[in-house]
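Peer 1: Provided below for reference: sequence and predicted model.
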Number of protein chains: 4
Amino acid sequence: MSEIKKIAVLTSGGDAPGMNPCIRAVVRTGLHLGYEVAGIMHGYQGMIDNNIVDMNSHSVSNILQLGGTILKTARCADFRNVEGRKLAFENLKKNNIDALVAIGGDGTFTGLERLSSEYDLQVIGVPGTIDNDLYGSDYTLGFDTATNTVIEAIDKIRDTAESHARLFFVEVMGRDAGCIALRAGIAAGAEAIMLPERDTSIEELIATLNDGVAKNKNSAIVIVSEGDKSGGAFNVAKRVKEVFNFYDTKVTILGHLQRGGSPSSFDRILGCRMGFAAVKALQAGESRKTVGLRGNKIVLTDIEEALKGHEFKLEEDLLEMSTILA
Amino acid sequence: MSEIKKIAVLTSGGDAPGMNPCIRAVVRTGLHLGYEVAGIMHGYQGMIDNNIVDMNSHSVSNILQLGGTILKTARCADFRNVEGRKLAFENLKKNNIDALVAIGGDGTFTGLERLSSEYDLQVIGVPGTIDNDLYGSDYTLGFDTATNTVIEAIDKIRDTAESHARLFFVEVMGRDAGCIALRAGIAAGAEAIMLPERDTSIEELIATLNDGVAKNKNSAIVIVSEGDKSGGAFNVAKRVKEVFNFYDTKVTILGHLQRGGSPSSFDRILGCRMGFAAVKALQAGESRKTVGLRGNKIVLTDIEEALKGHEFKLEEDLLEMSTILA
Amino acid sequence: MSEIKKIAVLTSGGDAPGMNPCIRAVVRTGLHLGYEVAGIMHGYQGMIDNNIVDMNSHSVSNILQLGGTILKTARCADFRNVEGRKLAFENLKKNNIDALVAIGGDGTFTGLERLSSEYDLQVIGVPGTIDNDLYGSDYTLGFDTATNTVIEAIDKIRDTAESHARLFFVEVMGRDAGCIALRAGIAAGAEAIMLPERDTSIEELIATLNDGVAKNKNSAIVIVSEGDKSGGAFNVAKRVKEVFNFYDTKVTILGHLQRGGSPSSFDRILGCRMGFAAVKALQAGESRKTVGLRGNKIVLTDIEEALKGHEFKLEEDLLEMSTILA
Amino acid sequence: MSEIKKIAVLTSGGDAPGMNPCIRAVVRTGLHLGYEVAGIMHGYQGMIDNNIVDMNSHSVSNILQLGGTILKTARCADFRNVEGRKLAFENLKKNNIDALVAIGGDGTFTGLERLSSEYDLQVIGVPGTIDNDLYGSDYTLGFDTATNTVIEAIDKIRDTAESHARLFFVEVMGRDAGCIALRAGIAAGAEAIMLPERDTSIEELIATLNDGVAKNKNSAIVIVSEGDKSGGAFNVAKRVKEVFNFYDTKVTILGHLQRGGSPSSFDRILGCRMGFAAVKALQAGESRKTVGLRGNKIVLTDIEEALKGHEFKLEEDLLEMSTILA
């Protein structure tokens, strides 16, 4: 592997708060270590379209506090094909890019793994997704901010719940992973949490709500993960209402507001550390690795290992707490 | 009218941020002027159920910053009947209450008007509703906070909208009045605003979105008032998607989070001023009036006048702006 | 007065949240009405230095939610001289600018008045300052946001005050005007408020604090306007401590964080309305006016009238409340 | 060691956001496991004064989102004496308390260690302090919230810094530990960070500022830890101004607002987990331990080990980043 001269950075998949601090760290660490740095727009699509811009220190001024990603992001079907990746790599060569940092989720890492197995290119993946469902890091970029956004919303709903006798269903993100639902549910004191990982039947939910009524609770908040098998907050609300009509029922769908917002301190620091570590790893000759936070240390994981079908487990103590603290 | 000795305060209808500062002002101004003060729980229902508690200065400590209402609120069907109001008034007499401040919306004022026309009781109404649709005040309690809550949500959605090519529909409160939708839409730079007061067809909406595409906008946010004739954000989104598929489409239903949250400075000050003025008005022998903010001054309006069927008009300049600034 | 073709906009004096929404409204309303629009950088200094840029609709994209001013601001000594203004006007002519919107405070309006009395130029002033001390508008741009920032800070201090037995002094902005101190003090429930307009002696302050101790308050928060005659929070704290040592004493100087932050809904709407009205006024042939909000209506005031030495009075009811509600 | 029947919980030392979620978790987990639970008011002082109240599930309703501590806190000189602790233990016995959870910092743990070495009592310590300077846990309760509070303040200052040419000094908490200053400085992109652990001379600081001027930065923000050897933000500002007068200079002292605020999601979850784990540890017969977060797991540490004079080290990568990313 020859010495690298120019590093590129891209964001791919769903955007997440903390991507901008990470981009900034890649750019400035790269420049500090003597590399040229380029930004690839719209994820892998921009690699195929040769939508690549040179970055200097000023390009990333004043972006630490911004949600989203200044490099934009997209999902890219063409990159799944050999032809797409060939075109992409040719564009990297045209731009003299010999190393790549890709920030995103599982799909992003899969693309990175493919590209780097086919072509001579140093690559490092950075876990950026609000879902916190990637192997190799205790936390992914954006998860902390998203969870804060959700609890601020539920805190507001709690105000009005306390003033009336009402039952609220709040749908939060998480198609396969209930991390946001579980943490936000505990942190905001939800009376019940419906997770993709846990099969809570409507009957069990109603039993929990009846327990609350028995304890003189005058309102209840139920968090529903969008991936819950009961089919989303509106469906759950409808089915509950057929049987349980102690309270008036209201539904909130938080949707994409969970993806936005100025990154929290945690996500800014995590973005800085991961971007910094990614470039340091490239400098050290590493490739085909993802960076991650384990405890308070940045670690590297083989990208094949990161992509293996790991069974994710929600923290045991959090699951236990979720039923006894509310 | 004999001199008053004991004032009661209640909140009724939908809760709104700013009710707590107003309750506090009624209690402390009342005590300061030498009156006893009682709080009636759960609105008119608590008057019928004799759920009435004595309040002292400490009862309202540390509530300025709280959303919701410490007196709780409810809608009360029984108070619409002569018998219900008779029972209610008897309970007031039992508690030696000879004056009443009621914080709420149109329904609250109607109840107040009835009660005070049937019985010897000094009454003052305070406009508290996030919808800002009451006659007699430029602003109602809670409207400013709710609008801030909505724009913070849209600002977050904008982050992710800017990172992807996407079309967002955000449903906000306002069954009959588009005040929140109009102000939040302008304040957050929404590409289109669907109001109950303005008949925007799906065709017009699509034309606006196509204009945006023509100007190279890579995303758009549409605010839909829940009272809009097209039938809510999900319906609008569905109908738009059938024709316009330039962007991926996402829906957020803000729901009751718009009612909660710590009151803004504006709503705290407004609550303090209105509560203070309500008690001062009672002291001056006034009755059957509502307090309101006109410009920077607190004014009184006859309650019959406040309840007349006024045609509300959204501000002309705001309506004009909403189409040319986005 | 010949018909205008090109409008310029600048921000001058202290920056204030809401300036960006106003700039955006001037630019987009101007373009909508068929004018060209230019932005002058760094206030009057940029006029003298010919630091003037053409603005299009895209120049003001995505700035509604930003604090500060994208046109930057500065104080400019040279503009106080005839020579400076001559140079400035020559640059306007070079750029074909025949109308000007200036956003700022008293100094900004003075400059505007001078320039327009010496040269043929249509001018409109927009009141932008967090201090709320300008004649002709109930509210100036930035005041609402700044007050919200202050109460959020005091709410946080209250948390820790309630947990310990402590006396807090919080210094807020306002050299000559106590508007922020008075409103934030009431809205956050401060035990005492020291204002430039009201001569509270240290002895009176201590008497108030002793009242609180007598009522078993276990903590107190004192707001000190930076223009208070006792000389700032550190001085007041020092003098109080010499006599009153019931509580441990802590000082916070909020400083310039009060100027920043995303503008509130109120300030965004106000900025939009004022910018829109300023351009409409120019179109109608108006000049040497300031725009302002009176009640819920935008009004114009002669700039000479706005600049006259008006005696500002804090709202009577707020002053009275500040001593009886805490 | 006999089986426990009644657990008490207290908070001591400086209050920190996250204490309330932790108190709630101790109470509800304790009740769930069949114990009685008491709350001791005002830390060790309440133990000496027998200010002890029984807690039920309702006692901790609706406190998850509150800053501060509902049990209040205090520093207590008497508990440092054998006599004080004797009195304290007698009161525990009177209340039939046989196990204790104490939430606080180093001083709290020292008291706990003494008491449990002198008397038969099961004790567990929970690290609660915004300073993050305790051995045995990657994070202490309150640190995440405090850091978020600081970066929100600096983000606001940045708005106005960007609009003017100005130099800002922001003093943050941290007498011996620069954790808040370092993390907040990096997360908010401060141009320089003055830490107790790092001896930055005024000359070095000025050199850094001159570098910024050379790079055409039009403003700079310097974070000063209150424990920095140069003596606080006002002193540093004064000394810098004597030499470096490129920018106008402004000072903000954040003070105790850093201790307040609704706990972040991270601190709420951490408080829940630590409180839950503390009671589980007592149930398992553990004593003289502190709970802590290591990675994503809760661990126990011997209290003597936690109290040993450990040399704290700020993270190497953060220190390096702090000079190259800004």
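Peer 2: Looks like it came in fine. This structure is a prediction, so every number in the text was calculated from the model and none was measured. Residues are numbered from 1 along each chain as shown, chains lettered A, B, ... in the order given.
Peer 1: Relative to its centre, which residue of chain A is most distant?
Peer 2: A:Ala214 (38.3 Å; CA atoms, centre = their mean).
Peer 1: So what does it have for phi and psi?
Peer 2: Backbone torsions for A:Ala214, taken as degrees, to the nearest 10, come to phi -60, psi -30.
Peer 1: Can you name the residues that contact it?
Peer 2: Not one residue lies near A:Ala214 by CB atoms under 8 Å, 6 or more residues apart in numbering or on different chains. All C-beta spots, glycine's among them, are computed from the backbone N, C-alpha and C.
Peer 1: What's the separation between it and chain C?
Peer 2: Distance of A:Ala214 to chain C, given as CB to the nearest CB, to the nearest Å: 33 Å.
Peer 1: ok, now A:Leu319?
Peer 2: 30 Å.
Peer 1: ok so that residue is a strand residue?
Peer 2: No: read with DSSP: H, G, I helix; E, B strand; the rest coil, A:Leu319 is helix and lies in no strand.
Peer 1: Just give me the neighbour total for it.
Peer 2: Neighbour count of A:Leu319, defined by other CB atoms under 10 Å in any protein chain shown: 17.
Peer 1: So A:Gln78 is in contact with A:Gly84, correct?
Peer 2: In this structure residue A:78 is Asp, not Gln. Yes: counting by CB atoms under 8 Å, A:Asp78 touches A:Gly84, with 3.6 Å between them.
Peer 1: between these two, what contacts are shared?
Peer 2: By the contact definition CB under 8 Å, 6+ apart, A:Asp78 and A:Gly84 are jointly contacted by A:Tyr44, A:Ile48.
Peer 1: Pick out whichever of these two has more residues nearby.
Peer 2: Using other CB under 10 Å, the more surrounded residue of A:Asp78 and A:Gly84 is A:Gly84, with 20 against 15.
Peer 1: At which residues are the strands of chain A located?
Peer 2: A:6-11, A:36-40, A:52-55, A:99-104, A:122-127, A:166-172, A:192-194, A:219-225, A:248-253, A:289-294, A:297-302 (DSSP state E).
Peer 1: closest to chain B out of these?
Peer 2: strand A:248-253 (3.5 Å; CB to the nearest CB).
Peer 1: For the stretch 1-150 of chain A, which residues are neighbours of chain D?
Peer 2: Proximity of the stretch 1-150 of chain A to chain D (CB under 8 Å from any CB of the partner chain) is limited to residues A:21, A:24-25, A:28-29, A:32, A:57, A:62, A:64-65, A:138, A:144, A:147-148, A:150.
Peer 1: which residues sit against stretch A:272-286?
Peer 2: A:1, A:4, A:7, A:9, A:21-26, A:29-30, A:33, A:35, A:99, A:101, A:122, A:124, A:126-127, A:141, A:289, A:291-293, A:298, A:300, D:186-187, D:317-318, D:320-321, D:325.
Peer 1: Give me every residue in chain A lying close to chain B.
Peer 2: A:11, A:15, A:17, A:66-69, A:72-74, A:149, A:153-166, A:168, A:250-261.
Peer 1: again, only this time at 7 Å
Peer 2: When proximity is defined as CB under 7 Å from any CB of the partner chain, chain A approaches chain B at A:15, A:67-69, A:72-74, A:149, A:153, A:156-160, A:162-164, A:168, A:250-257, A:259-261.
Peer 1: domains in chain A, as residue ranges please.
Peer 2: A:6-142+A:263-307, A:144-260 (automatic domain parsing).
Peer 1: which of the residues of the stretch 1-150 of chain A next to chain D are buried?
Peer 2: A:21, A:24-25, A:28-29, A:32, A:64-65, A:138, A:144, A:147-148, A:150 (16 or more other CB atoms under 10 Å in any protein chain shown).
Peer 1: List just the nearest of those residues to chain C.
Peer 2: A:Gln65 (10.4 Å).
Peer 1: picking that back up, can you flag which of the residues of the stretch 1-150 of chain A next to chain D belong to helices?
Peer 2: With DSSP state H as the criterion, helices contain A:Pro21, A:Arg24, A:Ala25, A:Arg28, A:Thr29, A:His32, A:Asp144, A:Thr147, A:Asn148, A:Val150 from among the residues of the stretch 1-150 of chain A next to chain D.
Peer 1: Ramachandran angles for the spatially most central residue of chain A?
Peer 2: Most central in chain A under CA atoms, centre = their mean is A:Thr129, positioned 1.6 Å from the mean C-alpha point. Dihedral angles phi and psi of A:Thr129 (degrees, to the nearest 10) take the values phi -170, psi 140.
Peer 1: cool, and the one 5 residues further on?
Peer 2: Main-chain dihedrals, A:Leu134, degrees, to the nearest 10: phi -110, psi 140.
Peer 1: beta partners of A:Asp302?
Peer 2: Beta-bridge partners for A:Asp302, by DSSP bridges, are A:Lys289.
Peer 1: what residues are up against A:Ala146?
Peer 2: Applying CB atoms under 7 Å, 6 or more residues apart in numbering or on different chains, we find A:Ala146 in contact with A:Ile130, A:Met173, A:Ile180, A:Gln258, A:Arg259.
Peer 1: OK, contacts around the nearest residue to it once chain neighbours are set aside?
Peer 2: Nearest non-adjacent residue to A:Ala146, counting by CB to CB, 6 or more residues apart in numbering or on different chains: A:Ile130, 3.9 Å away. A:Ile130 is in contact with A:Ala16, A:Gly142, A:Phe143, A:Ala146, A:Met173, A:Ile180, A:Gln258, A:Arg259, counting by CB under 7 Å, 6+ apart.
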